[in-house]
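Trainee: whatever this is, show me its structure:
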Amino acid sequence: MVELLMEALRQQPRQPFPPPPPPPILVEPLNNGDIITLTQKFNKLKPPTFPRGLQPLKAEAWNLEIEKLFEVFLCTEEQKVLLATFTLQEQARRWWMLVRNQQTAMAWAKFKEVFYEKYFSQCVRDRKVTEFEQLKQGTMTVAKYEAKFTELARYAPHMVDIEYKNARKFEGGLDVEVLDRVSVLKLEKYVDVLDRSIIAEADVAALKQVKAPVIEWKGKRPGSNFKKHRNNFYTLLNKRQNTRSSTSSSQGTDKPICPECGKRHNGICRRIW
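Mentor: Presented below is the predicted three-dimensional model:
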């Protein structure tokens, strides 16, 4: 029985062993000369600095600008941390020195996590999500509304993760007059909704300009009441002046002529005295 089992095992095809994993790629540490050269090349791109304390929006703007530079300035994840922290100043630099003493090596993803915990907390991001949820065009133009929409959308990616949801969210915040002209088209792409919204906004503005002169002629012009009262005042004043002049002239003709001086006056002539 044992011999039969052994014979069966010999007849089975042998499975090849999996290949060993490739050896890890070792990155040689940079010496001081390489670090200086790398930093000088990075500074030629004029990276932004982040000097002050708890300013969430400026902290996020700094991170976005740094990551934009890393798209064209190729380096390792650890080198990204080295270069980015080189731009920290004042309070931010002192904070990084404390963090660096606690952790010897840090990749870029870990640095962003630690940096955001300090300077762009979760409560601030939650407020941005709420602001995006309640975003409406209001008195903004479509262009300004689109810029605000794009700015806040990154805080709530779950609301705009597909094209249809992105289009519906943007369309739902449009002004009523613009929305009435866009929603009937049932557009599914965000760029199409944006394009038609700009056209609809221009149509609404042109329609208001056409109706504006009719509305102005129906009502009274500003200041018409003031001019009317002013004209009435000058008319009354002229009447009073005319009345006084006529009275004084009539009174002057009623005075007798003095035989002593030959002038018109009442009473005894002064020449007698």
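
Trainee: and stretch 90-108, what's buried?
Mentor: The neighbour-count check on stretch 90-108 (16 or more other C-beta atoms under 10 Å) flags 92, 95-96, 106, 108 as buried. Bear in mind the C-beta positions are built from the backbone N, C-alpha and C, glycine included.

Trainee: list the contacts for Glu146?
Mentor: The contact partners of Glu146, taken as C-beta atoms under 8 Å, 6 or more residues apart in numbering, are 170, 194.

Trainee: the chain should start at 640 in everything you say after this.
Mentor: Sure, I'll start numbering at 640, so the last one becomes Glu785.

Trainee: just the element for it, please.
Mentor: Per DSSP states H and E, Glu785 falls inside helix 781-792.

Trainee: quick check: mean pLDDT of that helix?
Mentor: For helix 781-792, the mean per-residue pLDDT is 93.

Trainee: CA atoms of it as PDB?
Mentor: Listed next in PDB are the C-alpha coordinates belonging to helix 781-792 (Å, rounded to 0.1, in the frame of the first residue of the first chain):
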ATOM      1  CA  VAL A 781     -21.500  82.100 -13.000                       C
ATOM      2  CA  ALA A 782     -17.700  82.400 -13.400                       C
ATOM      3  CA  LYS A 783     -17.200  83.300  -9.700                       C
ATOM      4  CA  TYR A 784     -19.700  80.700  -8.600                       C
ATOM      5  CA  GLU A 785     -17.800  78.100 -10.700                       C
ATOM      6  CA  ALA A 786     -14.500  79.200  -9.100                       C
ATOM      7  CA  LYS A 787     -15.900  78.800  -5.600                       C
ATOM      8  CA  PHE A 788     -17.500  75.500  -6.500                       C
ATOM      9  CA  THR A 789     -14.100  74.100  -7.700                       C
ATOM     10  CA  GLU A 790     -12.400  75.500  -4.600                       C
ATOM     11  CA  LEU A 791     -14.700  73.700  -2.100                       C
ATOM     12  CA  ALA A 792     -15.400  70.500  -4.100                       C
END
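
Trainee: pipe the buried residues of stretch 729-747 into CSV and attach pLDDT per row.
Mentor: Output for the buried residues of stretch 729-747, formatted as CSV (pLDDT from 0 to 100):
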residue, pLDDT
Ala731, 86
Trp734, 87
Trp735, 88
Met745, 84
Trp747, 90
